[in-house]
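Q: just to be clear, the model below is a prediction. Sequence and coordinates:
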Amino acid sequence: MAAKKQVVSRVVVYKDDAGEWRWTALAANNKKIASSGEGYRNRLYAWRQAKALYPDDVVEWGSS
């Protein structure tokens, strides 16, 4: 039996405490279901990576 696909409500790109950009995918209940796992120096590159993985979902900027 195939695993049930988690529905992504939104993806947030944000700046972490080390000054790097990351993304986090959130479910409708705001629980984290995926994250970038690494930080990026460039915020646009982090956004592009999130959008490439979640092309049909909302990718928004978090607080920086």
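A: Perfect, thanks for sending it.

Q: for the closest residue to residue 27 other than its chain neighbours, helix, strand, or coil?
A: Excluding the flanking residues, the one nearest residue 27 by CB to CB, 6 or more residues apart in numbering is residue 33, at 5.1 Å. Every residue, glycine included, has its C-beta placed from N, CA and C. Classification of residue 33 using DSSP: H, G, I helix; E, B strand; the rest coil returns strand.

Q: any idea how far residue 49 is from residue 33?
A: 16 Å (CB to CB, to the nearest Å).

Q: which one of these two has more residues nearby?
A: Per other CB atoms under 10 Å, whichever of residue 33 and residue 49 has more neighbours is residue 49, with 19 against 13.

Q: residues contacting the more buried one?
A: Neighbour list for residue 49: 23, 36, 40 [criterion: CB atoms under 8 Å, 6 or more residues apart in numbering].

Q: now the residues you listed in JSON lines, with neighbour count, distance to residue 14 and secondary structure?
A: What follows is the contacts of residue 49, written out as JSON lines (neighbours: other CB atoms under 10 Å; distance: CB to CB, whole Å; DSSP: H, G, I helix; E, B strand; the rest coil):
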{"residue": "23", "neighbour count": "24", "distance to residue 14": "8", "secondary structure": "strand"}
{"residue": "36", "neighbour count": "20", "distance to residue 14": "10", "secondary structure": "coil"}
{"residue": "40", "neighbour count": "20", "distance to residue 14": "11", "secondary structure": "strand"}
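
Q: which residues sit against the helix or strand of the chain with the lowest mean pLDDT?
A: Least confident helix or strand of the chain, by mean pLDDT, DSSP states H and E, is strand 59-61 with a mean of 91. The contact list for strand 59-61 (CB under 8 Å, 6+ apart) reads 10-14, 23, 43, 47, 50-51.
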